[in-house]
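Enquirer: 3D model of this:
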Amino acid sequence: MAEVAALARPYAEAVFLMAEEKGQLDQWSDMLGFLNLVIDNEQVKKLTDNPKLSKADLENLMSDICNEQMDAQGINLVKLLIKNNRLPLAGEISSQYEIKKAEKSGALDINVTSAFPMSDSDKTELASSLSGSFGKTVTISVEEDASLIGGMIIRAGDKVIDGSLSGQIQQLAKQLK
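Expert: Reported below is the predicted structural model:
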């Protein structure tokens, strides 16, 4: 997962800078979201995974599929991703782009994985605390994972705060090796 994020980051940053410069943040959100939907389609996955399909044929196919939903710059991005064998990164590029866009607007989406259910007041208190820490308006989504044993893992963009007991046990095991 970290490798995918690292590979997608330069593309997401470049697209964000270009979109910001041209005042097309929302348009690029739509185009990247559409590309992500196309790449997630099972039939398209079969085609993109087919080694017999040349890059030129894949470029033509993707251009035909995306032509109505993406402008020339969007199509050029698709061609670049195909050329560099990075088309499967489209979903991660879209996710990182949206994080950058949210940060620009002063908002931050944070995913919290908790060992136990959190009450609404716990969520509100955590969101308030994280808003102060990050200096942004925070929206949190919470999921449960009993395998954490206790505590929680907080993911804000590419920052991860592992406050889980299982994470602490793993750190201790590494230190003892």
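Enquirer: Tyr97 - how many residues pack around it?
Expert: When counting by other C-beta atoms under 10 Å, one arrives at 24 neighbours for Tyr97. For glycine as for every other residue, the C-beta is placed from the backbone atoms N, C-alpha and C.
Enquirer: check contacts around the residue most central in space within the chain.
Expert: Nearest to the geometric centre of the chain sits Ser95, at 2.7 Å (C-alpha atoms, centre = their mean). Contact analysis of Ser95 by C-beta atoms under 8 Å, 6 or more residues apart in numbering lists Ala8, Ala12.
Enquirer: 10 Å - rerun?
Expert: Val4, Ala5, Ala8, Ala12, Leu32, Asn36, Asp109, Gly157 (C-beta atoms under 10 Å, 6 or more residues apart in numbering).
Enquirer: which of those residues sits closest to Ser133?
Expert: Closest approach to Ser133 among the contacts of Ser95 (C-beta to C-beta): Gly157, at 13.1 Å.
Enquirer: and the closest residue to Leu25 other than its chain neighbours, how far is that from Leu32?
Expert: Closest residue to Leu25 apart from its sequence neighbours, by C-beta to C-beta, 6 or more residues apart in numbering: Ala19 at 5.1 Å. According to C-beta to C-beta, to the nearest Å, Ala19 stands 9 Å off from Leu32.
Enquirer: between those two, tell me which one has more neighbours.
Expert: With neighbours defined as other C-beta under 10 Å, Ala19 and Leu32 compare such that Leu32 has more, 27 against 21.
Enquirer: the helices in this protein, which residues?
Expert: Secondary structure of the chain by DSSP state H: the helices cover 2-22, 25-40, 42-48, 55-66, 72-83, 90-104, 120-134, 165-176.
Enquirer: so where's the protein shaky on pLDDT?
Expert: Applying pLDDT under 70 to the chain flags residues 1-2.
Enquirer: any idea how it splits into domains?
Expert: Domain segmentation of the chain under automatic domain parsing yields 2-101, 106-176.
Enquirer: which of those domains is buried the deepest?
Expert: Of the domains of the chain, the one with the most neighbours on average (mean count of other C-beta atoms under 10 Å) is domain 2-101, at a mean of 16.
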